[in-house]
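*Asks:* sequence first, then the predicted structure, then my questions.
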Amino acid sequence: MTRHIRRAAAFCLLLMLALALNATRIQVFQNDTYDDNPANRRQTIARYAQERGDIYVDGRPITGSVDTGEQLRYERTYKNGPLYAPVTGYASQTYGSTLLEGAADPLLSGTDPQLAPFPLVDGVARVRRPGGAVHTTIAPSVQQAAYTALGDKQGAVAALDPTTGRILALVSTPSYDPGLLSGNGTSEAQHWTTLNNAASKPMLNRAIGQTYPPGSAFKVVTAAAALDAGVVTDLDAKTRSPAPFTLPGTSTKLTNEVEGCKNASLRYAFEWSCNTVFANLGARVGLEGLVGTAERFGFNDSDLRIPSRVAKSNLDREMDPASVALSAIGQYDTTATPLQMAMVAAAVANNGDLKSPHLVDRTTDASGRTVSTTHPSSLRQTFNPGTASLLRELMVGVVEDGTGSNAAIRGAVVGGKTGTAQHGIGNVGLPYAWFISWAQAEGDPQPGVAVAVVVEDAAADREDISGGGSAAPIARAVMRAALAL
Amino acid sequence: MTDRVEKSTSVVPVVHPRRGTELALLVLAVGLCVLGYLNVGLARYGAVPGNVTDYACGLGALALLAHVAVRVRAPYADPLLLPIAVLLNGLGLVLIYRLDQETPDDPAALAQLTWSTAGVALFIVVVVVLRDHRTLQRYAYLFVAAALALLVSPVFFPAVNGARIWVRIAGFSLQPAEFAKILLAVFFAAYLAANRTALAYAGRRVWKMQFPTGRVLGPIVAIWLISVGVLILERDLGTSLLFFGLFVVLLYVATGRTGWIAVGLLLACFGAFAVGSLEPHVHSRVQDWLHPFASIDAGRGPTQLAQSLFAFAAGGLLGTGLGQGHSSLIGFAVKSDFILATAGEELGLTGLCAIFLLYAVLIARGCKAGLALRDPFGRLLAIGLASILALQVFVIAGGVTGLIPLTGMAMPFLAQGGSSVVTNWIIVALLVRVSSVARAQPDAYEQLPEED
């Protein structure tokens, strides 16, 4: 019997050993599989167990965290949510996070390895760092000026510092309060449905997430291409442009809405936005030249991040000559985001040296130690230095003598370009009003701001929607705020 | 071990009672539990829990009373048994108190402490009243009748959560099967001790295998079949598995017939397959075990087993620390069947292995008492009680860690549940009693002659 008791005892102890081995398998060797299972709430709980890092504008936080006492403890709050929604995006426990909240999420939620002085030690000790802070480049006065100027209109504003690429304002209207989506309750679900179903699309970030046909505002790009290619060398020379202009290879005749465009000089054509002249110049520059210049401005780039992704602005790479001519006046398949058009103005203002647009100035950890700093960097040289002064001259002429007089500011040199883009099948849709511009305060060595405004005012009288009428005053307000004039 | 050394140096063997060792270990056990209790409060609220003195005094008093009873009535008892029981029970209270923090509307720690008090009271009663374990032999048939009555009784009460295992008397919920397992263990031990020679050597031989006569084997198989049948009807499969395992182990130890183990295992496999494919309740448990994440893939969210596995995985090597895990995500039965998941998450693999080791030592000490005893009934009783602990730990711990299909059962001493904690205290009391007898024998550790 003794031997059998021993064996039975050994059997019982083997059972304990089996348990310990199985526990080792789960807890040490396969724990990652379980930890990363999407149905495992622990990572979510840990994520919301601490206050989320804040987003700052000019040294002041525009976000906060509130302790709900629930399982997912901290919820995001926003100060002046609708104003900054196109900058921050939302950080929702239900719907994830977008824009800056999304792009900087690892830093804000404390998982970014850069936050840990010794990442390996943290990994072993399972330390989650307090969330870091993101300091944006947004200038609150410019942001507020743009938001106020847009008012009830549907549209967007993007403003840049042309010499650094700092984004000074990013506004989209109508806006929404991202704080409505922070939690995980039924009211969040209701707000989500309401906001998504609203015809005015308040959650659409029109400044970087929506593209519009740029219309005549695109003529800045066409002018740059024509000057670079040597198609035009003298701003005041006749351009040998017929009016009306027959699109190459077709019998379609293009006309103007203004007088005096036949054989007009580039200066006159630019100031008064002659379609025939620019269609003609576009056709003479050709597909390759036009696409090349546009792409140096940033068109067809789907990888641009500020750090959230910017929608791709488009200029077709393959077109027949008639479409090239139409594209040269910002029609056909040509589309651009307001930020892209602000980059066009910024490149002109900064002598062709296009700086990388960016929204994050620097990031810090919770104690204020700097984690990373964004240094201004050149994205591309967009056109020849010789072209730069001519383009500046053209844009200044628009404000001083042409269609953009509404943007003039006392005490500053302002260059601009209007645009009124038809859209919809047979151009029955309400047109979009564009104004892109830059401004340099008298006495300043460099231009201080470049801005693009788009207004898609469905409520307005069709005749009243024009770049110079609707959009230029908004651009003026934004530039005045930026230059503090 | 020191006993052996002293024995070799002196002519008259001296067996130390080792009550001082027991007391020291008890102080350590109570101290560890109080530390755990403090840890929960500090981790959760950054403050010492207000009732920590009550808890410390309560547990300490229970340990002390039990110790005094052992010192007076079972002076040669194994000094490890009581401290391990106190430590496991105290740790269980800490874990339940910790989980109470997640369910403020449904506190369970105080009730569990009350049940533990009842358990320790019964422990003392058994140690004091039962002078000689062989007395139990006389009441074997009374016990088996009582066991069967207990097993049948829940049929007359409504099912709770799919299992008909509860009896409600005067506001108390009891699980009669818990008490029945001790009675059955005593009966099996007594019957097999009386009939083991007949079982092993009489009867017919069929192809290399010796089968006992029907007269001897009949009653025991019948009782076993009835108990298992009742359990299947009541859907308490964990206990059913436990009884089956207990029966096979005791039969093997009593007769030494390896062939019967094989037959037992075959029967078990056949039974498991039949029940697993025919009974929908069990079938779903087997499916859960084979595919713990199937419900997640199907969009129905994680099952309790999946949540339990998440909890263990979250614990890793060192655990999150008491009060800082999220095992409450398991939901229903987190304090009872799934209590080990909380230990796994908050104490980590380290803590879990320590707990398994405590059980292993408890079981080994029970087996050691069985080895040292000379009466077959005592030997079978000791090994039977030790195997009940081992099988119970294996069935539930294996279930919640996905090693075997999950069947509801209480983790001895750790889990919430009055019947279970009381039963386990009686088991330890019986082990204390038999170990005292075993160690008091002057030649306790002499190598016994092999009988077969």
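*Replies:* Thanks, I have the structure now. Residues are numbered from 1 along each chain as shown, chains lettered A, B, ... in the order given.

*Asks:* quick one, what contacts A:Met319?
*Replies:* Counting by Cβ atoms under 8 Å, 6 or more residues apart in numbering or on different chains, A:Met319 touches A:Leu287, A:Ser327, A:Tyr332, A:Asp333. Any C-beta I mention is one placed from the backbone N, CA and C, and that applies to glycine too.

*Asks:* local confidence estimate at it?
*Replies:* Reading off the per-residue confidence, A:Met319 sits at a pLDDT of 90.

*Asks:* tell me how far it lies from A:Thr222.
*Replies:* Relative to A:Thr222, A:Met319 is positioned 14 Å away (Cβ to Cβ, to the nearest Å).

*Asks:* can you check B:Leu352 too?
*Replies:* In this view, B:Leu352 and A:Thr222 are 73 Å apart by Cβ to Cβ.

*Asks:* same question, B:Val249
*Replies:* Distance check for B:Val249 against A:Thr222: by Cβ to Cβ, it reads 92 Å.

*Asks:* what do you get for B:Leu136?
*Replies:* Going from B:Leu136 to A:Thr222 by Cβ to Cβ gives 105 Å.

*Asks:* what about B:Leu91, how many residues nearby?
*Replies:* The number of residues packed near B:Leu91 is 24, by other Cβ atoms under 10 Å in any protein chain shown.

*Asks:* what about it, distance to chain A?
*Replies:* 16 Å (Cβ to the nearest Cβ, to the nearest Å).

*Asks:* isn't that residue right up against B:Ala415?
*Replies:* No: with the criterion set as Cβ atoms under 8 Å, B:Leu91 and B:Ala415 do not qualify as a contacting pair; they are 11.1 Å apart.

*Asks:* phi, psi for the closest residue to B:Asp100 other than its chain neighbours please.
*Replies:* Spatial nearest neighbour of B:Asp100, excluding adjacent residues (Cβ to Cβ, 6 or more residues apart in numbering or on different chains): B:Pro107 at 4.6 Å. The phi and psi torsions at B:Pro107 (degrees, to the nearest 10) take the values phi -70, psi 140.

*Asks:* to what extent is B:Pro107 buried, counted in neighbours?
*Replies:* Counted with other Cβ under 10 Å, the burial measure for B:Pro107 works out to 14 neighbours.

*Asks:* repeat for A:Pro202
*Replies:* 18.

*Asks:* and for B:Arg215?
*Replies:* Based on other Cβ under 10 Å, the number of other residues close to B:Arg215 is 11.

*Asks:* tell me where the stretch 101-250 of chain B has strands.
*Replies:* If DSSP state E, counting those that start in this stretch is used as the criterion, the strands of the stretch 101-250 of chain B fall at B:167-169, B:172-174, B:204-206, B:209-211.

*Asks:* helix, strand or coil: sort out A:Met395 for me.
*Replies:* Secondary structure of A:Met395, reduced to three states by DSSP: H, G, I helix; E, B strand; the rest coil: helix.

*Asks:* what parts of the stretch 1-150 of chain A come near chain B?
*Replies:* A:1-9, A:11-13, A:15-16, A:18-20, A:22-24, A:26-28, A:30-35, A:37-42, A:45, A:126 (Cβ under 8 Å from any Cβ of the partner chain).

*Asks:* compare B:Leu136 and A:Thr222 (neighbour count), which wins?
*Replies:* Neighbours of B:Leu136 and A:Thr222, each counted by other Cβ under 10 Å, are more numerous for A:Thr222; the result is 27 against 22.

*Asks:* okay, and the more buried one sits in which element?
*Replies:* Secondary-structure assignment from DSSP states H and E places A:Thr222 in helix A:219-229.

*Asks:* chain center to that helix: distance?
*Replies:* Computed by Cα atoms, centre = their mean, to the nearest Å, the chain-centroid distance of helix A:219-229 equals 24 Å.

*Asks:* give the buried residues for that helix.
*Replies:* In terms of neighbour count (16 or more other Cβ atoms under 10 Å in any protein chain shown), helix A:219-229 has its buried residues at A:Lys219, A:Val220, A:Val221, A:Thr222, A:Ala223, A:Ala224, A:Ala225, A:Ala226, A:Leu227, A:Asp228, A:Ala229.

*Asks:* what residue in the stretch 1-150 of chain B comes nearest to chain A?
*Replies:* Proximity to chain A, evaluated over the stretch 1-150 of chain B using Cβ to the nearest Cβ, is greatest for B:Glu102 at 9.6 Å.

*Asks:* show me where pLDDT drops low in chain A?
*Replies:* A:119-127, A:423-430, A:457-467 (pLDDT under 70).

*Asks:* residues in the stretch 251-400 of chain A within reach of chain B, list them.
*Replies:* Going by Cβ under 8 Å from any Cβ, none of the residues of the stretch 251-400 of chain A are near chain B.

*Asks:* can you give me the helices for the stretch 251-400 of chain A?
*Replies:* Along the stretch 251-400 of chain A, counting by DSSP state H, counting those that start in this stretch, helices occupy A:266-272, A:275-297, A:321-327, A:338-349, A:385-400.

*Asks:* and the residue in the stretch 151-300 of chain A positioned nearest to chain B, helix, strand or coil?
*Replies:* The stretch 151-300 of chain A approaches chain B most closely through A:Asn184 (15.0 Å), counting by Cβ to the nearest Cβ. The three-state label for A:Asn184, taken from three-state DSSP, comes out as coil.

*Asks:* where is the longest helix in chain B?
*Replies:* With DSSP state H applied, the helix covering the greatest number of residues in chain B is identified as helix B:339-372.

*Asks:* how about that one, does it reach chain A?
*Replies:* Yes: against chain A, helix B:339-372 shows contacts by Cβ under 8 Å from any Cβ at B:344, B:348-349, B:352-353, B:356-357, B:359-360, B:363-364, B:367-368, B:370-371.

*Asks:* where in chain B is pLDDT low?
*Replies:* Scanning chain B with the threshold set as pLDDT under 70 gives B:1-14, B:161-163, B:170-171, B:202-204, B:207-211, B:231, B:442-452.

*Asks:* centroid-nearest residue for it?
*Replies:* B:Leu389 (3.2 Å; Cα atoms, centre = their mean).
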